[in-house]
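Visitor: Have a look at this fold, sequence not included:
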């Protein structure tokens, strides 16, 4: 089965954005959390590292999901593979 050039470009863009967002997820989940334990000051009565892990990471995850949905909707329309409403 021959895949059209349009669908190959679509798939490459999809893989690129997925890779970038997964890298951001990795940095927020592991790198920031690893270095946050060295932040020894308190923030609203809790250690700042707790805030990074419990609050900041969740906000970033929601932003990642929202951006991915927005980007993929735009990409679907651009390449003609959007679902009809």
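Guide: Nice, thanks for sending it over. These figures come from a predicted structure and were not determined experimentally. Residues are numbered from 1 along each chain as shown.

Visitor: which residues of this protein score low on pLDDT?
Guide: Applying pLDDT under 70 to the chain picks out residues 1-2, 85.

Visitor: any idea how far the nearest residue to residue 9 once chain neighbours are set aside is from residue 70?
Guide: Nearest non-adjacent residue to residue 9, counting by Cβ to Cβ, 6 or more residues apart in numbering: residue 79, 7.0 Å away. Bear in mind the C-beta positions are built from the backbone N, C-alpha and C, glycine included. Separation of residue 79 from residue 70 (Cβ to Cβ, to the nearest Å) stands at 15 Å.

Visitor: Residue 56 now?
Guide: Between residue 56 and residue 70 the computed distance is 21 Å (Cβ to Cβ).

Visitor: Look at the two and report which has more neighbours.
Guide: Set side by side, residue 56 and residue 70 show more neighbours around residue 56, with 15 against 10, by other Cβ atoms under 10 Å.

Visitor: Contacts only, for that one.
Guide: Neighbouring residues of residue 56 by Cβ atoms under 8 Å, 6 or more residues apart in numbering: 28, 32.

Visitor: cool, residue 79 as well?
Guide: So residue 79 contacts 6, 7, 9, 10 (Cβ under 8 Å, 6+ apart).

Visitor: Tell me which of the residues you listed fall in strands.
Guide: Nothing among these maps onto strands, per DSSP state E.

Visitor: hmm, which of those are the buried ones?
Guide: Buried by 16 or more other Cβ atoms under 10 Å: residue 10, out of those.

Visitor: Mind checking which of the contacts of residue 79 land in helices?
Guide: Among the contacts of residue 79, the residues falling in helices (DSSP state H) are 6, 7, 9, 10.
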